[in-house]
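# no sequence on hand, only this structure:
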């Protein structure tokens, strides 16, 4: 570090004391050590993956020439080796994160390889979803026994692919209720990591994976009343955005605040979808009885998620003024009555477009008030996308469309120029 090289010069000039110089050296030494540990951990996990893949490839090369017993032996060999390594880590290196994460990664892939090979050797029938479910259930205990964050990340990715295989890739569209139980099983590890290692890189990745997994899986609860899922999604994105504004995430950068990013972008995508006339025309043609409605998964998903989002919003805003309420956090509440109104009229399309316009203006105003170029440009981007969408569905000539786009671009330039000018003036 350049600071450490400058320490002797600073000491000689009398700017810092020897005691301060030593504290500076120790501080940067700890930072360098932390970076080295992270790098070593990454290479350790990568090494475990490569070793496991190497063993599988070597065996696969001579697979057809092996007897059934030999094939079985080699199928279990990586699994036994991985278990021995994990036992060694638990006994001799229980606090070494590199060993724990690498050994757990190796064992998880060894479980999958063994399961697959044994099924192939003895012609055990089954589909991919069943294979994934067995693999996930066998891997789940490792997350808690080894206290492995990498194991949790692989597990979350696994259950996400599992639910996609059930409902997106399978022609049978099997019931996906096991996904929710599998997700609940990993949440204790997530909260433990949240409490004990709030600055962990693993936590940052898990913060992205879990809401993305929920977003993908929520659509799998749909049945006969598919349109109701839009209420559930609006409420889910509203809940994610509200979580992203809690005391833990509020001051973090967008890279470290996936709840806010996914919540706001998801809400905007849904608003733009609902801004088209066709969305409400299709909805207006659907007729359901209340008795059939309450038996559907999307009804209960909408009810539970909306109630959860409302309770969390109330808890977060309790004691605060209405002006402090982030506009994105109440969109899900506005959408529920608008959605119900959509069964009887086409007025909601006007209301949704009005919400988009107001939301963009409030975001631009907030960015200008706080002197934040990111928020300002985000608001400008919302209104730009909205105008472009309206252009696509209008009968305006290309010349008028081009002129309006030029006006929007000029608006971007002027807004940013005035913001930067004000910043310089304040400095």
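Now that the structure is in, tell me what you want to look at. This is a predicted model, so every value here is computed, not measured.

# three-state assignment of the residue lying closest to residue 216 once chain neighbours are set aside?
Take residue 216 and drop its neighbours on the chain: the residue closest to it by CB to CB, 6 or more residues apart in numbering is residue 160, 5.8 Å away. For the C-beta atoms, the positions are set from N, CA and C on the backbone; glycine is no exception. Recorded secondary structure, residue 160: helix (DSSP: H, G, I helix; E, B strand; the rest coil).

# likewise residue 219?
Criterion first, three-state DSSP; result for residue 219: helix.

# please tell me I have it right and it contacts residue 230.
No: between residue 219 and residue 230 there is no contact under CB atoms under 8 Å: 10.5 Å.

# the nearest residue to residue 297 once chain neighbours are set aside: neighbouring residues, count only.
Among residues not flanking residue 297 along the chain, residue 221 sits closest, at 3.6 Å (CB to CB, 6+ apart). Residues lying near residue 221 (other CB atoms under 10 Å) number 23.

# next: residue 84.
Neighbourhood size, residue 84 [other CB under 10 Å]: 12.

# do the same with residue 79
Around residue 79 there are 21 residues (other CB under 10 Å).

# so it makes contact with residue 111?
Yes: between residue 79 and residue 111 a contact is recorded at 6.4 Å, counting by CB under 8 Å.

# dump the residue contacts of residue 143.
104, 151-152, 155, 186, 189 (CB atoms under 8 Å, 6 or more residues apart in numbering).

# PyMOL command to pick out the buried ones of those?
Selection of the buried residues among these in PyMOL, burial being defined by 16 or more other CB atoms under 10 Å:
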select buried, resi 104+151+152+155+186+189
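
# so of the contacts of residue 143, which ones are in strands?
Per DSSP state E, strands hold no members of these.

# of the contacts of residue 143, which pair is most distant in space?
For the contacts of residue 143, the farthest-apart pair by CB to CB is 104 and 186; their separation is 13.7 Å.

# show me what counts as buried in whichever strand or helix holds residue 89.
Element membership for residue 89 (DSSP states H and E) is helix 68-92. For helix 68-92, burial by neighbour count (16+ other CB under 10 Å) applies to 71-72, 74-75, 78-79, 81-83, 85-86, 89.

# and those as JSON lines, adding pLDDT?
What follows is the buried residues of helix 68-92, written out as JSON lines (pLDDT from 0 to 100):
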{"residue": "71", "pLDDT": "81"}
{"residue": "72", "pLDDT": "87"}
{"residue": "74", "pLDDT": "78"}
{"residue": "75", "pLDDT": "82"}
{"residue": "78", "pLDDT": "84"}
{"residue": "79", "pLDDT": "91"}
{"residue": "81", "pLDDT": "89"}
{"residue": "82", "pLDDT": "90"}
{"residue": "83", "pLDDT": "94"}
{"residue": "85", "pLDDT": "90"}
{"residue": "86", "pLDDT": "93"}
{"residue": "89", "pLDDT": "91"}
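
# tell me the SS of residue 345?
Assignment for residue 345 (three-state DSSP): coil.

# same thing with residue 170?
Secondary structure, three-state DSSP: residue 170 is coil.

# I'd guessed it sits against residue 129; true?
Yes: the criterion here is CB under 8 Å, and residue 170 meets it with residue 129 at 6.7 Å.

# of the two, which one has the most company?
For residue 170 versus residue 129, the count of surrounding residues by other CB under 10 Å is larger for residue 129: 21 against 14.

# for the nearest residue to that one once chain neighbours are set aside, give me its contacts.
The shortest distance from residue 129 to any non-neighbouring residue, by CB to CB, 6+ apart, is to residue 165 (4.8 Å). The contact partners of residue 165, by CB under 8 Å, 6+ apart, come to 128-129, 132.

# what's the closest of these to residue 50?
Among the contacts of residue 165, and counting by CB to CB, the member closest to residue 50 is residue 132, at 22.8 Å.

# is it true that that closest one touches residue 163?
No: look at residue 132 against residue 163 with CB under 8 Å: they stay out of range, at 9.6 Å.

# and these two? which has more neighbours close in?
Remark: of residue 132 and residue 163, residue 163 carries more neighbours, 25 against 19, as counted by other CB under 10 Å.

# from residue 307, how far out is the more buried one?
From residue 163 across to residue 307, the span is 23 Å (CB to CB, to the nearest Å).
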